[in-house]
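Enquirer: I'd like to go over a predicted model; first the sequence, then the structure.
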Amino acid sequence: MESDYSELDLRLVHALQIDPRAAFSTIAEVLGVSDRTIARRYTRLRAAGAVRVLGAVDPTALGATQWFLRVRCAPGASVPVAEALARRPDTSWVSLTSGGTEITCTVRTENEADSETLLLAKLPRTPRVEGVTAHSVLHVFYGGPDNLIAKLGALDEAAIERLRPPPLPNRGGPVRLDDVDRKLLAALAADGRAGFEHLASVTGWSPTTVRRRMTELREHGVLYLDLDVDGMMFSLATRTLLWLSVAPSALQQTGEALAAHPEIAFAAATTGPTNLCASVVCADQRELYRYLTTQVAALPAITHIETAPVIRTVKQA
């Protein structure tokens with residue numbers, strides 16, 4: 001499957017993955033084109049919905065718990081249930097899988113009461129929901145700030161090093177968000193490249209304060225910058241969820257090996273009937289078959305695997 005995007009588009013996207021807020025002038029210098037060309041290309045790609053830089057929040061850094069839910073529905077009921085889940089502010093990656101009779105989604109819960117309400121009260125009593133399986137995320141091997149573009153990017157090592165920003169210190173300790181912080185995070189969720197002047201107008205802070213607070217939130221692991229990219233840019237059309245069972249003694253090793261595969265966009269250890277979950281992105285079903293029968297088959301500790309093709313994504317981030 002051929003991509004309709006140019007080589008410059010691919011290189012620009014890779015540059016943004018390395019530093020999502022890099023100045024267009026910096027990217028232009030590394031890619032050997034004019035500032036105007038980069039600005040024009042990015043504007044076109046963003047307007048077409050092909051590329052979006054967004055500010056994302058790691059809920060675990062705020063003490064929340066992240067869950068994967070598998071919701072089995074009666075025939076014909078999955079779409080309205082998925083749309084209802086998508087409207088919730090605590091959900092992301094709401095998808096129809098397994099022929100459209102199952103919904104998978106990511107949910108964050110702030111405390112045990114939230115978890116109990118959603119998992120034991122609300123969902124099981126929803127009309128035409130036939131069953132719910134919950135998997136709590138224990139450890140992420142790949143995902144969040146780690147983007148698939150890092151594995152598929154078109155830039156060489158020299159260009160990557162020129163674009164790579166200095167590493168941020170990792171500061172521990174609790175972080176408390178106030179209403180202004182939430183305004184800042186909401187604005188960045190809409191546009192991760194929003195200028196400091198715009199963010200200052202949204203929050204009422206000065207641009208200097210906005211810059212300082214963004215740095216603090218990133219150093220504490222609350223805020224990270226992510227890239228939402230049209231998979232067709234890299235000729236990727238098929239997304240499949242894998243639910244795997246792995247011997248506990250080999251879970252870390254297997255998770256790390258899986259995370260290194262170019263096809264893996266996300267991999268995490270979880271609770272539940274299976275203990276390893278992954279999102280696989282391939283060009284087509286033939287490539288998925290090749291991947292499952294070669295790279296996955298070569299991981300000896302996997303004792304069970306279930307594949308769930310994604311047939312529609314109702315909500316992403």
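Expert: Sure, I can see it. Numbering: from 1, shown residues only.
Enquirer: quick one, helices of the stretch 51-200 of the chain?
Expert: Using DSSP state H, counting those that start in this stretch, the helices found in the stretch 51-200 of the chain span residues 78-86, 112-116, 149-152, 157-163, 179-190, 196-203.
Enquirer: and the spatially closest residue to I27 that is not a sequence neighbour, what pLDDT?
Expert: Nearest non-adjacent residue to I27, counting by C-beta to C-beta, 6 or more residues apart in numbering: A15, 4.7 Å away. For every residue, glycine as well, the C-beta is placed using N, CA and C. Per-residue confidence at A15 stands at 96 (pLDDT).
Enquirer: same check on R125?
Expert: According to the model, R125 scores 65 on pLDDT.
Enquirer: P248 too?
Expert: The model's pLDDT for P248 equals 94.
Enquirer: swap in the one 3 residues further on?
Expert: Looking at L251, its pLDDT stands at 97.
Enquirer: contacts only, for it.
Expert: Neighbour list for L251: 269, 275-276, 301 [criterion: C-beta atoms under 8 Å, 6 or more residues apart in numbering].
Enquirer: would you mind listing the buried residues in the helix or strand hosting it?
Expert: Under the criterion of DSSP states H and E, L251 resides in helix 251-259. Within helix 251-259, the residues scored as buried using 16 or more other C-beta atoms under 10 Å are 251, 254-255, 257-259.
Enquirer: and for stretch 128-148?
Expert: 129, 132-137, 140-148.
Enquirer: low pLDDT regions in the stretch 1-150 of the chain?
Expert: Low-confidence segments of the stretch 1-150 of the chain, defined by pLDDT under 70: 1-3, 111-126.
Enquirer: how many neighbours does G99 have?
Expert: Number of residues near G99 (other C-beta atoms under 10 Å) recorded here: 11.
Enquirer: for it, give me its contacts.
Expert: Per C-beta under 8 Å, 6+ apart, neighbours of G99: I311.
Enquirer: quick one: it from T307, how far?
Expert: As for G99, its distance to T307 is 12 Å (criterion: C-beta to C-beta, to the nearest Å).
Enquirer: before we move on, the earlier item: between the buried residues of stretch 128-148, which is nearest V107?
Expert: Nearest to V107, judged by C-beta to C-beta, of these is A134 at 8.5 Å.
Enquirer: identify the bridge partners of that closest one.
Expert: L69 (DSSP bridges).
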